[in-house]
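> This is a predicted model, with the sequence first.
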Amino acid sequence: MIHHPFTRAAVRVAARTAGVLLAVALLSFALLRAAPGGPFSEDRSVPAAVRANLEKRYHLDEPLALQAARYLWDLAHGDLGPSFRYADFTVNDLLAVGLPSTLALGAAAMAFALAIGIPLGMAAAARRGGLIDRLASGISVAGLALPTFVLGPLLVAFFAVTLRWFEPSGLEHPADLVLPAIALGAGPLAVITRLTRAGMLDTLSQEYIRTARAKGLPERTVLFRHGLRPSLVPVLTYLGPALAAVLTGSLVVESVFTIPGIGQYVVRGAFNRDYPVVLGVILVGTTFLVVANALVDLLLTALDPRVRER
């Protein structure tokens, strides 16, 4: 029997992740195979005999059910399969090369959104109707109105081309993450600012906050010790969708800033019908999202005791 709550939570996360990955793998496999054409059908320079040998080598001549069973068997052993277009590399090799850059970009974008959005939302709530509140509102509107494929080139044109503060492309130094992280984190920053402000305003209207102020506690103590923790519950709830937005948005940002992440493999794999590469990226992204959502649930339980009672 499993009694420890964190052990039970870990088992639930593992079971949930396995179930979601199985469903996503089967659905993605079916959708990709349903697309017209094949990985070698568009290359007219390849003779028919050579094309037949390639399809046999990658088991594309087998029934779909057998292909799916073979893929799931390899997946259960941690093998994402070979790449159809990168003949000397497996999908595991390609992800090992591109995933660190994508994760670094996503982590930098989320750190930027949280580091700016939470303090800005708190300050806006504490000075409701003031200059900071109007500034926070303007930043939120701009962050939601400008998509990444528009904001990215604007940042490059101003900070890289005009001011020459940053490199316009590549990822050779930590400073090269600044502009891509801003472009990718602007949308989450806007939402986090609004959620923090709304959560803090709701918290500041509670009776225990008025009691703390009546005791003569400094406003900083009231905000950070008594108001911050419950105000972060809406932000934590949003982290799951935020991570999904960052993961999908990174594909665009990587293209704009020429970052060697997994986005390049997804785009090329989609055009070339490189099924294993696209499936591998989808499954890796799904794994991160499922685990991240599970961690968010645990944090919500720790921050809000009411969640434990549900």
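Received, thanks.

> Could you use CA atoms for every contact and neighbour count after this?
Noted.

> Distance of M110 relative to L31?
31 Å (Cα to Cα, to the nearest Å).

> Pick out whichever of these two has more residues nearby.
Shown here are M110 and L31; by other Cα atoms under 10 Å, M110 has more neighbours (22 against 10).

> got the contact list for that one?
Contact analysis of M110 by Cα atoms under 8 Å, 6 or more residues apart in numbering lists 181, 185, 188, 243, 246.

> now G285
By Cα under 8 Å, 6+ apart, the contact list for G285 reads L247.

> how near is it to L247?
The gap separating G285 from L247 is 7 Å, by Cα to Cα.

> next one: G152
Relative to L247, G152 is positioned 16 Å away (Cα to Cα).

> who has more neighbours, these two?
Taking neighbours as other Cα under 10 Å, G152 and L247 compare with G152 leading, 24 against 21.

> where's that one, which helix or strand?
In the assignment (DSSP states H and E), G152 maps to helix 148-155.

> Check the offset of that helix from the chain's centre.
Offset of helix 148-155 from its chain centre (Cα atoms, centre = their mean, to the nearest Å): 18 Å.

> The helix or strand hosting L26: what's the following helix or strand?
Using DSSP H and E, L26 maps to helix 5-34. Next along the chain after helix 5-34, taking DSSP H and E as the criterion, comes helix 48-57.

> pLDDT of that following helix, averaged?
Average pLDDT, helix 48-57: 76.

> Which stretches in the stretch 101-250 of the chain count as helices?
According to DSSP state H, counting those that start in this stretch, the stretch 101-250 of the chain carries its helices in the segments 131-145, 148-155, 178-204, 207-214, 219-221, 228-231, 233-257.

> Looks to me like N293 is in a strand.
No - using DSSP: H, G, I helix; E, B strand; the rest coil, the assignment for N293 is helix, not a strand.

> Dump the contacts of M110 into CSV; add distance to L204 and pLDDT as well.
Shown next, in CSV, are the contacts of M110 (distance: Cα to Cα, whole Å; pLDDT from 0 to 100):
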residue, distance to L204, pLDDT
A181, 32, 92
G185, 28, 91
P188, 24, 91
L243, 28, 83
V246, 31, 85
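
> Relative to T196, which of these is nearest.
Distances from T196 to the contacts of M110, taken as Cα to Cα, are shortest for P188 (11.9 Å).

> which residues of the stretch 101-250 of the chain score low on pLDDT?
Counting by pLDDT under 70, the stretch 101-250 of the chain shows no low-confidence range.

> Could you report the distance from L239 to A23?
Separation of L239 from A23 (Cα to Cα): 23 Å.

> And those two? Which one has more around it.
A direct count of neighbours by other Cα under 10 Å for L239 and A23 places L239 higher, at 20 against 12.

> buried residues in stretch 80-93?
Residues of stretch 80-93 classed as buried under the neighbour-count rule (16 or more other Cα atoms under 10 Å) are 80-85, 90-92.
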